[in-house]
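**Student:** Coordinates only, no sequence provided:
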């Protein structure tokens, strides 16, 4: 099967939103009147972002999910995406599963595949995603990293740390019962982009980012661009690790013998969570709660923004913890 | 050097057209009022699209050029692009040269880098480019592949075949004098995207495509989408090979002892030319000539579109040649 047959069989579907979809030199896209386009691009490489033997359906899901997560962090509504794919061979069952996983998530977000490229080469998946954000009275409604103010609350959605837990188990660095791995692995392999929450936070959050490299590492980007400091309550964040909650509060079927530092590292530097980390003024607490409810997404207050520059991590007793939670670097 | 330093040092520049450039979860882009966005994505893989030892400045140029060529084929004005880059190592001198070549061409077209991704992995360059096309009275002015009509003239811009000639020499399949290789190699390594011609052909050409996989292979896409046939004058196209013209018409310093079939294969199935192949009604011949003049781009009439389906390739005497000019397939 050649390049054009491959595209036709697995990826070409009729254009819906787009003025022109797959099949010409360019796709044509027109954002709604009064909207600007939000654009993000992520590249996934075998051996670095996923294992060679990963389920291709889940890989298709994740490749788009990490891009939708960037739209979510901007409060953008998904519209469309392009897919560039380098494949070592044309494996039809792999392609069928990959495209099914990809397009299932795309359909769930009404985000259509409008073009791209396929070539031979080491497995590499590059998706560029397009969303739209209203511009109201000349002011973009996009959630940016630069709007946090001292005194703002700091929040994170959903659960954190489980993706890294699963990765460490799969790499043989940790041992956990199968039931724990199964749950954690879902977070690693099929993350949920928080699109609905991002939309609900427009006009509510003062800044936002998605947690891809680790909570503290991603928070550092907000600090840098907002020129603020922050205090993070480490022992609140470890409650958000599903495996921790299950191990300590659930039916007591098992106990994970990790140190406090291990748990905190998972929560604060785990990475691959694709949750939203965001700030909002204290007077917006009800609005944040309403946004969480409306988007059916749990949201947790885990700290606050400070006028004092720098990042402080506190334990449950309010004692300062050493900030040695290394973030994920794709070149480390 | 980590991922963020790398982006900052080599790729981050202040946003100009874009509402928001490199550095947040998404870039923000707003096409001009009354315009739609043209989007194209191309992935370049080492060993398949370029040699491992290619000059990184030229590679930076080519990676963007092949994308701008897709905008040109749609008659779109370049606005911006994203770059996703997978690198086996952080080699600063390579990155400095690559980004210089990339950004020089970007500046020449006022096309700004607004975002992307960097990661470790086998060398892979994925660019997604954005241009704009006016919509006049509800009608997109984009040049598409589906507008050719029987009776239209068939044109190609510039030179063809030289990129393939250079590739074959570099692969050891052909031998040519150094002077020929030098010229041909420029076409392979630093192709010129025909952006100005594409813009000038809006409202003039009835269909267009860029020649990336080979003239006849790319023409087949126009035939398929326009539901027409075509006749191509093979011996007109071989005149467009710079090496052929130099060998036969120039000062007679050298002669290349290729068969007619070899020359025709270079011109008709060479690939990597990044010229525009387009059609226009005969009554537009003056307008095509004016577009060529305005864009300072040579344009040649090389055939015509037919009501009879299929593709006919004629020699200088009007005899039908066997159509066995295989197009480039990235999975072959």
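**Tutor:** Received the coordinates, thanks. Owing to the predicted nature of the structure, the values given are computational and were not obtained by experimental measurement.

**Student:** Who are the packing partners of the longest strand along chain A?
**Tutor:** When chain A is parsed with DSSP state E, its longest strand is strand A:124-136. Strand A:124-136 sits against strand A:35-45, helix A:56-74, strand A:77-87, strand B:35-45, strand B:77-87, strand B:124-136, with contacts defined as 3 or more Cβ pairs under 8 Å, 6 or more residues apart in numbering or on different chains; DSSP states H and E. Where you see a C-beta, it was placed from the backbone N, CA and C, and this is true even at glycine.

**Student:** Need those in CSV (columns: mean pLDDT, mean neighbour count and distance to residue A:150).
**Tutor:** Listed next are those as CSV, based on pLDDT from 0 to 100; neighbours: other Cβ atoms under 10 Å in any protein chain shown; distance: least, Cβ to Cβ, whole Å:
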stretch, mean pLDDT, mean neighbour count, distance to residue A:150
strand A:35-45, 93, 26, 27
helix A:56-74, 96, 26, 22
strand A:77-87, 94, 26, 31
strand B:35-45, 93, 26, 38
strand B:77-87, 94, 25, 33
strand B:124-136, 94, 25, 37
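
**Student:** so which of these gets nearest residue B:316?
**Tutor:** Smallest distance to residue B:316 across the helices and strands packed on strand A:124-136 (Cβ to Cβ): 35.5 Å, for strand B:35-45.

**Student:** quick one: what helix or strand has the residue positioned nearest the centre of chain A in it?
**Tutor:** With distances taken as Cα atoms, centre = their mean, the residue of chain A nearest its centroid is residue A:274 (2.2 Å). With secondary structure defined by DSSP states H and E, residue A:274 is part of neither a helix nor a strand.

**Student:** residues touching it, list them.
**Tutor:** Applying Cβ atoms under 8 Å, 6 or more residues apart in numbering or on different chains to residue A:274 gives the contacts A:65-66, A:69, A:191-194, A:210-212.

**Student:** Out of the residues you listed, which is nearest to chain B?
**Tutor:** Nearest to chain B among the contacts of residue A:274, counting by Cβ to the nearest Cβ, is residue A:210 at 6.1 Å.

**Student:** circling back: same for the helix or strand just after the longest strand of chain A, what does it pack against?
**Tutor:** Downstream of strand A:124-136, the next assigned helix or strand under DSSP H and E is strand A:139-140. Where contact means 3+ Cβ pairs under 8 Å, 6+ apart, strand A:139-140 is not packed against any helix or strand.

**Student:** Can you tell me the closest non-neighbouring residue to residue A:299?
**Tutor:** Nearest residue to residue A:299, sequence neighbours excluded (Cβ to Cβ, 6 or more residues apart in numbering or on different chains): residue A:292, at 3.9 Å.

**Student:** just checking, next helix/strand downstream of the helix or strand where that neighbour lies?
**Tutor:** Using DSSP H and E, residue A:292 falls within helix A:285-294. Later in the chain than helix A:285-294, the nearest helix or strand by DSSP H and E is strand A:299-306.

**Student:** Show which residues not belonging to that next one make contact with it.
**Tutor:** For strand A:299-306, the external contacting residues (Cβ under 8 Å, 6+ apart) are A:148-157, A:197, A:226, A:228-233, A:236-237, A:239-240, A:279, A:288-289, A:291-292, A:312.

**Student:** Flag every buried residue along that strand.
**Tutor:** Judged by neighbour count using 16 or more other Cβ atoms under 10 Å in any protein chain shown, the buried positions of strand A:299-306 are A:299-300, A:302-306.

**Student:** I appreciate the help and will end here.
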